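Visitor: Sequence plus predicted model, see below.
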Amino acid sequence: MLRALNSLRITQFNYENLPFRPEDVLVNLSSYLKKADVLAELPQFLPVIFTTDELKCFKTLLSTYHFTEDDEIVLEKLLVTARKKHILQTLKHFVLTYPIEDYTKKAFAIYISLGEIVPWAKHSFVRRLLVVSYQESRVLAITKNNREGTPLRR
């Protein structure tokens, strides 16, 4: 099963280098995916957040964490092959280098489920990346406006 999964992936994974048995994650995939989306809030995933210009495309307020079908369409368009590859590579690096095994197993569960089990635009990790991106853009806007002394518009 792992070989079949690797053939579908944009980035290849050497499963022998993992500090845990990948079969354990596969067997317990749903439990590892529970609350795994919060990994998107770790600084290791800042390189894959969305830009402020990309966030302007969304019709709903991203802070509510609710997505419409139109939002999913926009998100799918933003998820070009290069971005998907970058997200997968970042997850792979995290799995291989992060010191807390439970987190690495969650990241591995995300890695193997993205686009294969759960569509990219519907995956809770990708949606959390989007929300984190929105939060980061708001913080930057507030910081910039505070320095300039101008009130922040919503």
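Guide: Received, thanks. These numbers were taken from a predicted model, which means no experiment stands behind them.

Visitor: and V25, how many neighbours?
Guide: If you count neighbours by other CB atoms under 10 Å, V25 ends up with 23. All C-beta atoms are positioned from the backbone trio N, CA, C, and that covers glycine.

Visitor: Next: L46.
Guide: Applying other CB under 10 Å, we find 14 residues neighbouring L46.

Visitor: tell me the pLDDT at the closest residue in space to it that isn't next to it in sequence?
Guide: Among residues not flanking L46 along the chain, E136 sits closest, at 7.6 Å (CB to CB, 6 or more residues apart in numbering). Turning to E136, the model gives it a pLDDT of 88.

Visitor: Burial check on E136, number of neighbours?
Guide: With other CB under 10 Å as criterion, E136 counts 16.

Visitor: Off-centre distance for stretch 105-120?
Guide: Put simply, stretch 105-120 sits 10 Å off its chain's centre (CA atoms, centre = their mean, to the nearest Å).

Visitor: and what of stretch 125-134?
Guide: From the chain centre to the centre of stretch 125-134 is a distance of 7 Å (CA atoms, centre = their mean).

Visitor: Longest helix in the protein, by number of residues?
Guide: helix 124-148 (DSSP state H).

Visitor: Residues in contact with that one: which ones?
Guide: Residues from elsewhere that reach helix 124-148 (CB atoms under 8 Å, 6 or more residues apart in numbering): 33, 36-41, 45-46, 48-52, 54-55, 58, 62-63, 65, 67, 75, 79, 87, 110, 114, 118, 120, 151-152.

Visitor: on that earlier part again, state the distance from the residue nearest to L46 to V48.
Guide: 12 Å (CB to CB, to the nearest Å).

Visitor: Ok, F94 next?
Guide: F94 is 11 Å from V48, by CB to CB.

Visitor: next one: V139
Guide: In terms of CB to CB, V139 sits 17 Å off from V48.

Visitor: Hmm, L78 is touching L55, no?
Guide: No: taking CB atoms under 8 Å as the definition, L78 is not a contact partner of L55, at 9.5 Å.

Visitor: Would you write a ChimeraX line that selects the buried entries of the contacts of helix 124-148?
Guide: This is how ChimeraX selects the buried members of those, with burial counted by 16 or more other CB atoms under 10 Å:
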select :33,36,37,39,40,45,48,49,50,54,55,58,62,67,75,79,87,110,114,120
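
Visitor: now, which of the contacts of helix 124-148 lie within strands?
Guide: Judged by DSSP state E, the contacts of helix 124-148 include no members of strands.

Visitor: Cool, thanks, signing off.
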